[in-house]
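Student: okay, here's the prediction I keep looking at, along with the sequence it came from:
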Amino acid sequence: MDELDDLDAYNGDTEHDMWVDFAYHENTDELPDLFDDEAVDDFINNLND
């Protein structure tokens with residue numbers, strides 16, 4: 001992979017933007033809040049159908 005520059009900002013390139021997110025989560029130990037618990041429960045229930 002090419003050297004990544006400016007991991008503090010999105011640039012519109014999908015791969016770079018994913019590395020920006022990864023670097024943020026690695027450095028802060030914070031996990032993203034993508035879904036609330038109810039949405040996850042609904043998703044799991046739909047998988048079981």
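Tutor: Thanks, I have the structure now.
Student: phi and psi next, for Gly12.
Tutor: Main-chain torsions, Gly12, degrees, to the nearest 10: phi 90, psi -10.
Student: now the longest helix seen in the chain: mean pLDDT?
Tutor: The single longest helix within the chain, with elements called by DSSP state H, is helix 14-28. Averaging pLDDT along helix 14-28 gives 83.
Student: next, the buried residues of it.
Tutor: 16, 20 (16 or more other C-beta atoms under 10 Å). From N, CA and C alone the C-beta is placed, and that goes for glycine too.
Student: also stretch 38-48?
Tutor: Per 16+ other C-beta under 10 Å, stretch 38-48 contains no buried residues.
Student: so which elements touch the longest helix of the chain?
Tutor: Packing partners of helix 14-28 (3 or more C-beta pairs under 8 Å, 6 or more residues apart in numbering; DSSP states H and E): none among the helices and strands.
Student: for that helix, C-alpha coordinates in CSV please.
Tutor: Coordinates of each C-alpha in helix 14-28 appear next as CSV, following Å, rounded to 0.1, in the frame of the first residue of the first chain:
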residue,chain,number,x,y,z
THR,A,14,-12.5,4.9,-0.1
GLU,A,15,-9.4,3.1,0.9
HIS,A,16,-7.8,6.2,2.4
ASP,A,17,-11.0,7.1,4.3
MET,A,18,-11.1,3.6,5.8
TRP,A,19,-7.5,4.0,7.0
VAL,A,20,-8.4,7.4,8.5
ASP,A,21,-11.2,5.7,10.5
PHE,A,22,-8.9,2.8,11.5
ALA,A,23,-6.1,5.2,12.6
TYR,A,24,-8.6,7.2,14.7
HIS,A,25,-10.0,4.1,16.4
GLU,A,26,-6.5,2.7,17.0
ASN,A,27,-5.3,6.0,18.5
THR,A,28,-8.4,6.7,20.7
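Student: what's the mean pLDDT across whatever helix or strand comes next after it?
Tutor: Counting by DSSP states H and E, the next helix or strand C-terminal to helix 14-28 is helix 37-48. Mean pLDDT, helix 37-48: 82.
Student: ok now helix 37-48, how far from the chain's centre?
Tutor: 19 Å (C-alpha atoms, centre = their mean, to the nearest Å).
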